[in-house]
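> the following block contains a protein sequence and its predicted model.
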Amino acid sequence: MKWKNFYIGLVLLFLYLPILVLIIFSFNTSSLNILFEGFTFKWYGELLNNVSLLEALKNTLIVSITSTLISTIIGTISAFALKKYDFKGKKIINQLLYIPIVIPEIVLGIALLSIYTFLHVELGLGTLILSHIAFSLPFVIISVRAVLDNMPSNIEDAAKDLGASNIKTFWNVIVPTIMPGITSGAFLAFTLSLDDVVISYFTAGPGSNTLPLQIYSMIKTGVTPDVNALATLILLAVFLVLGISTILQIRNIKRQVKV
Amino acid sequence: MYKSLFQKIITIPIIIYALVLIAMPILYVLALSFLKSDAYGGIINEITLQNYIDIFDVVYLSVFLKSFIIAGIATFLCIIIAYPFAIFVSQKKPHIQKIMMVLVIAPFLTNSLIRMYGWIILLRKEGIINTFLQNIHLTDHPLQLMYNDLGIIIGLVYTLLPFMILPVYSAVSKVDKSILEAAKDLGANKIKTFTNIMLPQTASGLFNGSLMVFIPAIGYFFIVDILGGGKLMLLGNLIKNQFLTARNWPFGAAISIVLIIITFLLVKLYKKKGGNMDELGGF
């Protein structure tokens, strides 16, 4: 049993090694990232003066939040529509939805770039948002559909029998029931969008650099330690959110075990 | 009448999405791949098969071959790392399992390029690993850990490992523990229990994870750029260069179409083996 725990620890070490390095060096007085020479907070202060990095962060948040909102709304009603109604081309649409999930991202990236160029659409935040919707929407639909498939159909019938309209049934009965699928789909869309490099690389325009693109170009030209500080802050935020949600879920698991 | 209006409103967005953001771009790339390009990066409206014939040039075939080998090695290493990990984790108490899986996912919610930069700090000549190895006198000169195939493979395995761990773990934890115990009671040894019960019952999870690692690995040009040092070229870099540097869009389109066809063949095989499409998204 001991060596099994050792193996688990080893894999986790592999996953966390580069992250630990970044956190440690974000407090390093030397900017060379080779040896730890002394403790400082100065890079966190310098982060606030790094205009291009903050601008990229702002763009990333705009693109991620907007594309996630749109993907979640369209994904939710589309999952419902695809389940409930038969319409022309439904079969093809169901097939097309898997394309962004399975093909290499770079292919979707160059395909979107090509079509924007063909239609003379100027590259910028708008094309970024559209492209992020393109790759995240199918994930929302699949996530919502998984919950929708398990929903008893008599809930909807009951609401209708009691005189609720289609819109009321959808909004007051179905949406609350499938909420877990909607939130996990939205979460997935948001994280995919935050971290996207490949598709953004082809569909961003001048002045619409996202955080991943900005860091990509910094790695090529020279990274300043304030990037370490930013990485540490992002990690802190992620662990805070995940930590809270895990504690809540573990409570649920423990409660179920007791029952 | 009212009913059909509601139906129309909720079906229109997905039809527009599928047409404008998926079907049209892909069909346009297909069309591009049969056109000629001029010397200035323009596209000439003349139909040709030349782009596909060019792929069979030794230079490009070797890029295909090299990409598949590197992606194959990365996939294999991911299986080797993820499979025992998933099995060991599945033997833990439920709440420990939950914490372990959150620990696996958490790093991947942070910026992947920042994590690649962490690897640079670790792997480069004057980096932490080399400094450490020299301090304990395991080597007297710095080892070349990046700017070569090794760096690319480390980067790919690191970035794509969760996409292997998640489906494999989900498959492993679905295996009925009482069957494993029955096999043990009936005298099967550990190896037999593994090959006769565990492996067949988790094969679809392994296949799923392999697809989720192998296909992206072919296209991740930024990992090749950062940890491969830009000297080596894999398919992702080749496509990127055709679109952004060489500006030969029709040729880049032809390579992309070949990549789509390969992907579809792999997915078809996955479906034929009983794989679930919805589980491909990492669910």
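Cool, the structure landed. Since we're looking at a predicted model, the values are computed, not measured.

> contacts and neighbour counts: CA atoms only from here.
Noted.

> in the helix or strand hosting residue B:74, what's buried?
Assessed by DSSP states H and E, residue B:74 sits inside helix B:58-90. By 16 or more other C-alpha atoms under 10 Å in any protein chain shown, the buried positions in helix B:58-90 come out as B:60, B:62-64, B:66-68, B:70-79, B:81-90.

> these also near chain A: which ones?
Among those, the residues that sit close to chain A (C-alpha under 8 Å from any C-alpha of the partner chain) are B:81, B:85, B:88, B:89.

> and these as a markdown table, adding pLDDT?
What follows is these, written out as a markdown table (pLDDT from 0 to 100):
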| residue | pLDDT |
| --- | --- |
| B:81 | 97 |
| B:85 | 96 |
| B:88 | 94 |
| B:89 | 95 |
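
> residues near residue 195, how many?
Using chain A here. 21 (other C-alpha atoms under 10 Å in any protein chain shown).

> that's the other chain; I wanted chain B
11.

> what's the helix holding residue B:74 packed up against?
Contact partners of helix B:58-90 among helices and strands, from 3 or more C-alpha pairs under 8 Å, 6 or more residues apart in numbering or on different chains; DSSP states H and E: helix A:2-25, helix B:94-105, helix B:149-174, helix B:199-219, helix B:235-244.

> tell me, what's the model's pLDDT at residue 104?
I'll assume chain A. We have a pLDDT of 93 for residue A:104.

> right idea, wrong chain: chain B
Value for residue B:104, per-residue pLDDT: 91.

> correct me if wrong: it contacts residue A:16.
No - counting by C-alpha atoms under 8 Å, residue B:104 stays clear of residue A:16, with 9.1 Å between them.

> turn the helices and strands packed on helix B:58-90 into TSV, columns for mean neighbour count and distance to residue B:120.
Formatted as TSV, the helices and strands packed on helix B:58-90 follow (neighbours: other C-alpha atoms under 10 Å in any protein chain shown; distance: least, C-alpha to C-alpha, whole Å):
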stretch	mean neighbour count	distance to residue B:120
helix A:2-25	16	9
helix B:94-105	17	21
helix B:149-174	22	9
helix B:199-219	22	19
helix B:235-244	22	20
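
> in TSV, list the ones you listed along with distance to residue B:268.
Shown next, in TSV, are those (distance: least, C-alpha to C-alpha, whole Å):
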stretch	distance to residue B:268
helix A:2-25	32
helix B:94-105	28
helix B:149-174	18
helix B:199-219	11
helix B:235-244	22
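
> right, and the ones you listed - which one's nearest residue B:41?
Of all the helices and strands packed on helix B:58-90, helix B:235-244 sits nearest to residue B:41, with 9.0 Å by C-alpha to C-alpha.

> give me the contact list for the closest one.
For helix B:235-244, contacts defined as C-alpha atoms under 8 Å, 6 or more residues apart in numbering or on different chains pick out A:106, A:110, B:63-64, B:67, B:218-221, B:224-225, B:247-249, B:251-253, B:255-256.

> from residue A:50, how far off is residue A:197?
Using C-alpha to C-alpha, to the nearest Å, residue A:197 is found at 21 Å from residue A:50.

> compare those two (neighbour count), which wins?
Between residue A:197 and residue A:50, counted using other C-alpha under 10 Å, the more crowded position is residue A:197 (26 against 13).

> where does that one land on pLDDT?
So residue A:197 comes in at 93 (pLDDT).

> and it, what does it touch?
A:212, A:213.

> go again using 6 Å as the cut-off
residue A:212 (C-alpha atoms under 6 Å, 6 or more residues apart in numbering or on different chains).

> could you check how far it is from residue A:235?
18 Å.

> show me where pLDDT drops low in the chain?
Unless you meant another one, I'm taking chain A. Within chain A, the segments meeting pLDDT under 70 span A:33-34, A:256-259.

> ah, I was thinking of chain B
For chain B, the ranges with pLDDT under 70 are B:1-3, B:281-283.

> residues in it within reach of chain A, list them.
B:10-11, B:14, B:21, B:25-26, B:29, B:85, B:95, B:109, B:111, B:115, B:118-119, B:215-216, B:219, B:256 (C-alpha under 6 Å from any C-alpha of the partner chain).
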